[in-house]
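Novice: Model the following, please.
(chains A, B, C and D)
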2 protein chains.
Amino acid sequence: MKTIEELLESKNIRVTAMRLLIYKFLVEKDVAVTLSDIENAFEKSDRTTLYRTIKTFEEKGIVHQIDDGTGITKYALCEKGCNCEIENDLHLHFHCNNCNETVCLTAHKIPQIKVPDGFVAENVNLVVKGFCDKCSGH
Amino acid sequence: MKTIEELLESKNIRVTAMRLLIYKFLVEKDVAVTLSDIENAFEKSDRTTLYRTIKTFEEKGIVHQIDDGTGITKYALCEKGCNCEIENDLHLHFHCNNCNETVCLTAHKIPQIKVPDGFVAENVNLVVKGFCDKCSGH
DNA sequence: TCATTAATGCACTTCCATTGCATTTGTTTT
DNA sequence: AAAACAAATGCAATGGAAGTGCATTAATGA
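Specialist: Sure, this is the predicted structure:
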């Protein structure tokens, strides 16, 4: 079991106090978070730092970006088996219309999608909307 | 074959010069357009008018909104068989990473997606990215 | 024609994403 | 350990898109 420090170093990310905190924050959350969510959790720190930290994490393959259709970019930790940087990542996101939370359903693979002749599919973004397990019992 | 005037009236949309022009513009384009696209095509007109026109069209079921992951909302005419206002519309969009165009692949239905127990799916947004027929022959 | 209602245009506002630059902090080298 | 370097942070500002309030203009209906 790697420490967070080791994990960051293995991805060529310099270890700083802020980055450790943000990483821990992402681990604790099991849902995708917005930049504002992080901002609210770390009011002492500047928005730019948080923004650039998450961008660094993204470039180095620690988090991936999610567009769940709310218009606000969300981020979630890449899990074991998350091949978000690889073509044809068929990984599904669920957005709850009630609590507004978005989760990665990594286990739920999507069947291969057919596209018309001449079209080349590289990557698929699938967002299912509805009510999550916490909100479905109205 | 209905005229555009008749079509608009049948949807309870008042016919104005601007609306006719925007409708024709959407027909001519076979791809989804952004508000800026429309704005560039009608520089004489105000952005707000174009914005509200497209919103009116959307409310009345003439166009539907597409979120193709570029961060900019796009709009396309609803075709025969487009049930975008109905739950579980499983209609697929393709976004070309080269020419940046997005098209509706109405004919390509998506298989039913399974979600975990306790989750209720209401609606699905599926965007396939890659290269379109015009751009795939690099 | 007059009155009513809707459409248009202008000016703002808000929100999120992003960048430039100066400063601070952390490494590395001598 | 000090100097030199590089990267991280914080502040200020920008840009783009979405959306709203209000006055004006145009269209409909009595």
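Novice: If you count contacts, what does the host helix or strand of residue A:6 end up packed against?
Specialist: Element membership for residue A:6, per DSSP states H and E: helix A:4-10. For helix A:4-10, the contact count by 3 or more CB pairs under 8 Å, 6 or more residues apart in numbering or on different chains; DSSP states H and E identifies helix A:17-28 as packing neighbours. Where C-beta positions appear, they are placed from N, C-alpha and C, glycine not excepted.
Novice: touching chain B at all, the helix or strand following the helix it packs on?
Specialist: Next helix or strand after helix A:17-28 toward the C-terminus (DSSP H and E): strand A:33-34. No. Against chain B, strand A:33-34 shows no contacts by CB under 8 Å from any CB of the partner chain, the least distance being 13.7 Å.
Novice: and the helix or strand following strand A:33-34, which residues are buried?
Specialist: Following strand A:33-34 in sequence order, the next helix or strand is helix A:35-41 (DSSP H and E). By neighbour count with 16 or more other CB atoms under 10 Å in any protein chain shown, helix A:35-41 contains the buried residues A:35, A:37, A:38.
Novice: between those residues, which is nearest residue B:65?
Specialist: Of all those, residue A:35 has the smallest distance to residue B:65: 23.5 Å, by CB to CB.
Novice: Quick check: the closest one vs DNA strand D, distance?
Specialist: 12 Å (CB to the nearest atom of the strand, to the nearest Å).
Novice: go on, residue A:3?
Specialist: 18 Å.
Novice: Can you give me the neighbour number for that residue?
Specialist: Counted by other CB atoms under 10 Å in any protein chain shown, the residues lying close to residue A:3 total 10.
Novice: Paired strands for the lowest-mean-pLDDT helix or strand in chain A, with orientation please.
Specialist: Here the helix or strand of chain A ranked lowest by mean pLDDT, DSSP states H and E is strand A:102-109, holding a mean of 86. When pairs are called by DSSP bridges, strand A:102-109 turns out to pair with strand A:91-96 (antiparallel).
Novice: And the buried residues of helix A:35-41, which is closest to DNA strand C?
Specialist: Distances from DNA strand C to the buried residues of helix A:35-41, taken as CB to the nearest atom of the strand, are shortest for residue A:35 (4.1 Å).
Novice: Which residue, other than its chain neighbours, is closest to that closest one?
Specialist: With sequence-adjacent residues excluded and distances taken as CB to CB, 6 or more residues apart in numbering or on different chains, residue A:35 is closest to residue A:51, at 6.0 Å.
Novice: cool, residue A:27 as well?
Specialist: Residue nearest to residue A:27 in three dimensions, not counting chain neighbours: residue A:77, with 6.7 Å by CB to CB, 6+ apart.
Novice: Look up the closest residue to the residue nearest the centre of chain A, ignoring the ones flanking it.
Specialist: Residue closest to the mean C-alpha point of chain A, counted by CA atoms, centre = their mean, is residue A:76 at 2.1 Å. The shortest distance from residue A:76 to any non-neighbouring residue, by CB to CB, 6+ apart, is to residue A:32 (4.1 Å).
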